[in-house]
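> can't give you the sequence, but here's the structure:
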């Protein structure tokens, strides 16, 4: 019986699978370089960064395959915050704007090889990755409104 390799390259049958795998690998790095905190409201920064950046560089059909997961992830956070945590909604809107600013004005950072900038200070890493307009948004207090994040 043949065994299947579990290496990253062997398990990616096409470019979409590779893109999906790599997106998961770089998500937390995008929090850092795009300025989103590691909390529930901070998730909106990389979500909206990607949602605004991908259509600038990829074909609409490909974006249509990629965006559903990003949209569903982002919209659940916006809806829940707006409906249940209105005190946190202004920060959620700022997070959306911060992500959109990065996505709309930066280069195609979703293609970046982040490993090449690990040794750099944050400002230099952002510049090397083509990321502009990143603001380190403090979303910690707004995220604490969500009971499971206290």
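Yep, that arrived. Treat the numbers as computed from the prediction; the structure is a model and nothing was measured.
> Could you use CA atoms for every contact and neighbour count after this?
OK.
> Identify the residues contacting residue 139.
The neighbourhood of residue 139, defined by Cα atoms under 8 Å, 6 or more residues apart in numbering, consists of 36-37, 39, 41-42, 91, 95.
> Now do the SS call for the residue positioned nearest the centre of the chain.
By Cα atoms, centre = their mean, the chain has its centre lying nearest to residue 46, at 2.5 Å. The local conformation at residue 46, judged by DSSP: H, G, I helix; E, B strand; the rest coil, is helix.
> what about residue 146, how many residues close to it?
If you count neighbours by other Cα atoms under 10 Å, residue 146 ends up with 16.
> Please report the distance of the residue nearest to residue 144 when sequence neighbours are not counted from residue 84.
What sits nearest to residue 144 in space, not counting adjacent residues and going by Cα to Cα, 6 or more residues apart in numbering, is residue 150, at 5.1 Å. Residue 150 sits 15 Å away from residue 84, going by Cα to Cα, to the nearest Å.
> again, but for residue 123
Per Cα to Cα, residue 123 is found 36 Å from residue 84.
> and the helix or strand harbouring residue 22, what does it pack onto?
Element membership for residue 22 (DSSP states H and E) is helix 15-34. Counting contacts by 3 or more Cα pairs under 8 Å, 6 or more residues apart in numbering; DSSP states H and E, helix 15-34 is packed against helix 44-57, helix 122-129.
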